[in-house]
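J.: when you get a sec, could you give me coordinates for this:
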Amino acid sequence: MRRFFDSLFAGPAKSAVSAIKKRRDELAGLPDRELKTIATEAKEIDEVMAVTAVVASRLLGLDLFDVQVQGALALTAARIAEMQTGEGKTLTAVPAVIWFARNTSSNEPGVHVMTVNDYLARRDAKWMGGIYEFFGLSVGVIQQGMSAAERRHAYACDITYATANEIGFDFLRDQMALYPADQVHRPFSVAVIDEADSILIDEARIPLVIAGGDPDSESLACKADRITRTLHPHHHYRIEEYGRNVTLTDTGIHAVETALGCGNLFDPENFEKHTAVQDSLHARALLHRDVDYVVKNGAVESVDEFKGRIAQDRRWPAGLHAAIEAKEGLAPQAQGRVLGSITLQNLIALYPRVCGMTGTAATQAEELRALYNLDVVVIPTNRPMIRVDHPDSLFRTKAEKEQALVREIAAAHASGRPVLVGTASVEESERLSSLLGDTPHAVLNARNEEQEAAIIANAGQRSAVTISTNMAGRGTDIKLGEGVAALGGLYVIGTNRHESRRIDNQLRGRAGRQGDPGSSRFFVSLEDPLLVKYAAENAKVAHDPESIQRLVEGQNLDARKFLHKYEGVIEGQRQRIARQRQAILTGEVECGSETERLVALTTIDDLWAEHLAEVTELREGIQWTAWGGRDPLHEYLTGVDVLFQNLEAAIPGEIARRLEEALTNGIDPAQRGATWTYLTTDNPFGSWSERIMRGLKRKFAGRGR
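T.: Predicted coordinates:
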C-alpha cells in the first residue's frame, strides 16, 4: 500500500490524476439517481475522487482542480499536503474524508476533521455537508457549550468536524466518566488536520487540563507579589540570556528571606514560598502586558504568540497565572487541582491514521517525520505564483526601522495599493498605529477580535492600510478590490522576523492568492527580539535573520525531542491506568456491587490526580540534580517510575478503605464536585532543557550561605 502511494507522488502522479479526470468525465453525464447509487457504493480511491468532483460541481458549483486531487491523494496516503493560500484546502479534504469514512473498521469508526476554531468547524461541516450526504454519510459538528448528548450524537456520525481542543477536552472528561453512557467518544480512527503545522508543532506541547476540587488559596501569590514589587533588576535579580529565565542575586535572596522571615529560602520546607516568589518574579520580569497577555473584562487573557489572538481558555500553570493576576491587581480565578491532562501531541498519537493540510509545512518536514512519521508533499499552485518576495530591509535601530515603515506605508497608501502590516504584538500594532498619524488605517489585534470580519473584508480594497498582529497571518483570505491588481495587488509588510519561518511565510501568503499579483517585504532591525536573543552567540549570521531562524528551528526541534522523553513515560502510565479504569467502568472486571464500582472509579481518579501533583513537584525540582553532575533525565525517569509503582500498590487498599467508609457512613461516591477545563503552557520561559542547563549556579549559590 505504501509503495502504491509513493508512486502517486513520483512520475505516475499525473497519470493517477488523469485517470480520475477521465472517470469524472464519464460520470458527468449521469442523472443524480444513478450517480447517487455509484456514490453510495464507491470505496476505491479513484472512484471516490471522481464522484466527489462531479457532486461538488453540481451541488456547490466548485470544480475540483488537478492540484486539489493531488492534495486529496496525499491525505489518503497519510501525508501532510502543503497547499498555498486560496488553493481550496477545504474542498481538497472532502474526497479523502469520504474515502477514509468508507474504509474505517467497525471497531474504529468515524473520521475527525480538526479545524483551528469553532467557526471553521461549523462553516466547513455545513458547506461540505451536502456532498457527504450525497454519499450517504452523516456529518456532525462539535461546538463549545454543547451538552454531552449533543456531543455524543456528533461523534456518532461518520464524519465529525471539531477543534483539536474540543476533542481533547471531551477525551479527558470521558476518562473520568462514572457510567459508560456518560462517555461521548468512540474509539479513535482517523484525524484529518487542517492547519496541520499549527496543531502538530506550534500547539503540540500545550497541555489540555481538566481540573476540579476546592480552589487553591491565592494569598501566597499576593504575598510574593508584594515582595517582588520592591526588587530591582541587576541588583536583586538578573534576566538571563534569551530573556527566558530570571534568577535572584545574593542580595535578592537575602531580601526575600528577610521579607518572608523564612530562614534559608532553599530549604525543603520553603519550597512553596520559593516557588511563589519565582513565579512572581517571572510574571513581573518576563511576561508583559499587551505582548504576552491582555487584561480584558477583569481577567488575564493569554495571547497566542503564533496567531496574535486571545488563546481561549488558556492559562499559565497555576502558580504563575496567580502571580500575573496579583501583578495586575485582579481577583484570582479558581485553579483547583489537576485531575487529568494530555498534550495535543499525545492526543494525536491515539489516532491510528493521521494526515493534514497547511500552507506552510516544508520547513518543518524533518520534525513532522521525526515525531509523527508524516512526510510532507508540496502541492503546486493551480495558477502560477507571481507574488514578488523582496529581500529584507535591515536597519541598525528599531527607531530607524519604524521611520522607514511609516514612509513605506504612506507611499503605498498614496499609490492606491492596499497594505497589510504584520506586527509582533498588541503593543507594537498600537505603537505603529500612533506613528502613522494622518494616514487612514485600521488596527486588528486581540483587543478587537469582534471587528475582524469587517476589517479583513476591507483589507484588499484600494488604499486600505491594515495594521495587524499575527491574527491576519493564518487562514485569512484577503480579496482584492476593483482595480487593485493593476496597481500590483496586496503589499504585505512584516515588522519583525519570527523565530519560525513558517509564521513569516503565513504572513507572506496573504498576498499572491490564486495567481493574483502581490508583494512582500520584511523590515528588520538589529534591536529586534530575534536578533537580540540569538545573534550574539551566532556572530557569523548576526545580520542574516533567515539563517538565525534555521538555527533556532533546529534548537527548538532538539528541545521538543528532549521534552518528549520527559513526558512519554507519564503518557504511558496514563494509558495503563486508563485501561484498568475502563475495564471497571464497562464491567469487564466484575465488581461486587454498584457502590464498589463507583468507589473504585473515584479512588483511581483521586490517586491519579495526587500522582500528577507529585510528578509536577518532582519535575519542578529535577533541575537541581544537574548540580553535582547527575543526569536530570535519568533521575526524573527513575523518580516517576517509583511514584507510579507506589500508585499502583496503593490503589487496592485505598479502594477497600473508601468502600468501608462509604458503606458505614452512607456516602454516595457518585457525588463529585464541579470540574472545568482549560489549556495551560508547559513551558512558559523556554524549554526544560534550557532551565536545566542554564541559570542553576545562581540558585545553588544561596544554599551555601
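
J.: Asn346 against His564, yeah?
T.: No - assessed by C-beta atoms under 8 Å, Asn346 is found out of contact with His564, at 9.3 Å. Every residue, glycine included, has its C-beta placed from N, CA and C.

J.: who's more crowded, these two?
T.: Shown here are Asn346 and His564; by other C-beta atoms under 10 Å, Asn346 has more neighbours (22 against 17).

J.: OK, contacts around that one?
T.: Counting by C-beta atoms under 8 Å, 6 or more residues apart in numbering, Asn346 touches Glu567, Glu571.

J.: let me know the helix or strand that it is in.
T.: Assessed by DSSP states H and E, Asn346 sits inside helix 344-348.

J.: who's in contact with the helix or strand where Tyr678 lies?
T.: If you go by DSSP H and E, Tyr678 is part of strand 675-679. With C-beta under 8 Å, 6+ apart as the contact definition, strand 675-679 has outside contacts at 165, 169, 172-173, 176, 206-212, 311, 313-315, 334, 336, 339.

J.: quick one: buried residues of that strand?
T.: Thr677, Tyr678, Leu679 (16 or more other C-beta atoms under 10 Å).

J.: tell me the bridge partners for the second one.
T.: I take that to be Tyr678. Applying DSSP bridges to Tyr678 gives these bridge partners: Val209.

J.: that one and Gly212, how far apart?
T.: Between Tyr678 and Gly212 the distance is 12 Å, computed by C-beta to C-beta, to the nearest Å.

J.: put the alpha carbons of stretch 642-661 into CSV.
T.: Coordinates of each C-alpha in stretch 642-661 appear next as CSV, following Å, rounded to 0.1, in the frame of the first residue of the first chain:
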residue,chain,number,x,y,z
VAL,A,642,8.9,4.8,41.7
LEU,A,643,5.9,7.1,42.1
PHE,A,644,3.9,5.0,39.7
GLN,A,645,4.8,1.8,41.5
ASN,A,646,3.6,3.4,44.7
LEU,A,647,0.4,4.5,43.0
GLU,A,648,-0.5,1.0,41.7
ALA,A,649,0.4,-0.5,45.0
ALA,A,650,-1.9,1.9,46.9
ILE,A,651,-5.0,1.5,44.7
PRO,A,652,-6.4,-1.8,46.1
GLY,A,653,-6.0,-0.8,49.8
GLU,A,654,-7.4,2.6,49.3
ILE,A,655,-10.5,1.2,47.4
ALA,A,656,-11.1,-1.1,50.3
ARG,A,657,-10.8,1.6,52.9
ARG,A,658,-13.1,4.0,51.0
LEU,A,659,-15.6,1.3,50.3
GLU,A,660,-15.9,0.5,54.0
GLU,A,661,-16.3,4.2,54.8
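
J.: pass me the low-pLDDT residue ranges in the stretch 501-650 of the chain, would you?
T.: Along the stretch 501-650 of the chain, the model assigns pLDDT under 70 to residues 536-539, 620-629.

J.: which parts of it are strands?
T.: Assigned by DSSP state E, counting those that start in this stretch, the stretch 501-650 of the chain shows strands spanning 518-525.

J.: in the helix or strand hosting Thr92, what counts as buried?
T.: Per DSSP H and E: Thr92 is located in helix 89-102. Within helix 89-102, the residues that qualify as buried are 89-102, counting by 16+ other C-beta under 10 Å.
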